[in-house]
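Asker: A structural model of the following input is requested.
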Amino acid sequence: MIPPNELEYRFMTMADVGAVTELERLSFSTPWPHDAFVNELTKNPNARYVVAIHQNRIVAYCGMWIIIDEAHITNVAVHPLYRGKKIGLSLMIKMMNVARMFHAKSMTLEVRPSNTVARNMYTKLGFREHGVRKRYYSDNNEDAIIMWVTL
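Answerer: Sure, this is the predicted structure:
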């Protein structure tokens, strides 16, 4: 575990897009392209992205859309070398606080049934399963579990 005082959290900027795109590539079989993050930051008024920084390096990030009073997590990733250090948990807590700051009353996300580490973390944060999106993930047609939490 990295001590909390060694991590910095801040809103993502355009200068972070390259590092976040690389983190995407390291984390997902179908990563979002560079332009998707540029569009999120420049054209989507509902988007909020936060990065976690350790020793001047982006080690994790999370994005969400806040629409009226609901926050939808779009993506979350922790650098492979930094996994298992509770960074994902602390980042999600930050995102829940940001969602509250923007007056969201609930938060939702989709997660792969095979991603037991993430599912356990979300459950620890109070998320509960509320449905399935069949064949949601295009890389292998895996379903997605829909999870919700009241903020």
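
Asker: Verify the contact between Leu89 and Met121 for me.
Answerer: Yes: under the criterion of CB atoms under 8 Å, Leu89 makes contact with Met121 at 5.6 Å. Yep, even glycine has a C-beta here, placed from its N, CA and C like the rest.

Asker: So which elements touch the helix or strand of the chain with the lowest mean pLDDT?
Answerer: Every helix and strand in the chain was compared by mean pLDDT, DSSP states H and E; the lowest is strand 128-133, with a mean of 91. Packing contacts for strand 128-133, counted by 3 or more CB pairs under 8 Å, 6 or more residues apart in numbering; DSSP states H and E, involve strand 144-150.

Asker: Report the buried residues of the strand it packs on.
Answerer: 144-149 (16 or more other CB atoms under 10 Å).

Asker: which of the residues in the longest strand seen in the chain are buried?
Answerer: In the chain, with assignment by DSSP state E, the single longest strand is strand 57-67. Within strand 57-67, the residues scored as buried using 16+ other CB under 10 Å are 58-64, 66.

Asker: what sits up against that strand?
Answerer: 7, 12, 16, 19-20, 23, 40, 44, 46-53, 71-79, 81-82, 87-88, 91-92, 94-95, 98-99, 102, 104, 107 (CB atoms under 8 Å, 6 or more residues apart in numbering).

Asker: May I have that strand exported as CSV, CA atoms only?
Answerer: These are the backbone C-alpha positions of strand 57-67, laid out as CSV (Å, rounded to 0.1, in the frame of the first residue of the first chain):
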residue,chain,number,x,y,z
ARG,A,57,3.7,9.8,-12.6
ILE,A,58,0.0,9.2,-13.4
VAL,A,59,-0.6,5.7,-11.9
ALA,A,60,-4.4,5.6,-12.1
TYR,A,61,-7.3,7.5,-13.5
CYS,A,62,-11.1,7.4,-13.4
GLY,A,63,-13.8,9.1,-15.5
MET,A,64,-17.5,9.6,-15.1
TRP,A,65,-20.4,11.4,-16.6
ILE,A,66,-22.7,13.3,-14.4
ILE,A,67,-26.2,13.6,-15.9
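
Asker: Give me the helices and strands touching the longest helix along the chain, please.
Answerer: Taking DSSP state H as the criterion, the chain has its longest helix at helix 87-101. Other helices and strands packing on helix 87-101, by 3+ CB pairs under 8 Å, 6+ apart, are strand 7-11, strand 47-54, strand 57-67, strand 70-78, strand 106-111, helix 116-124.
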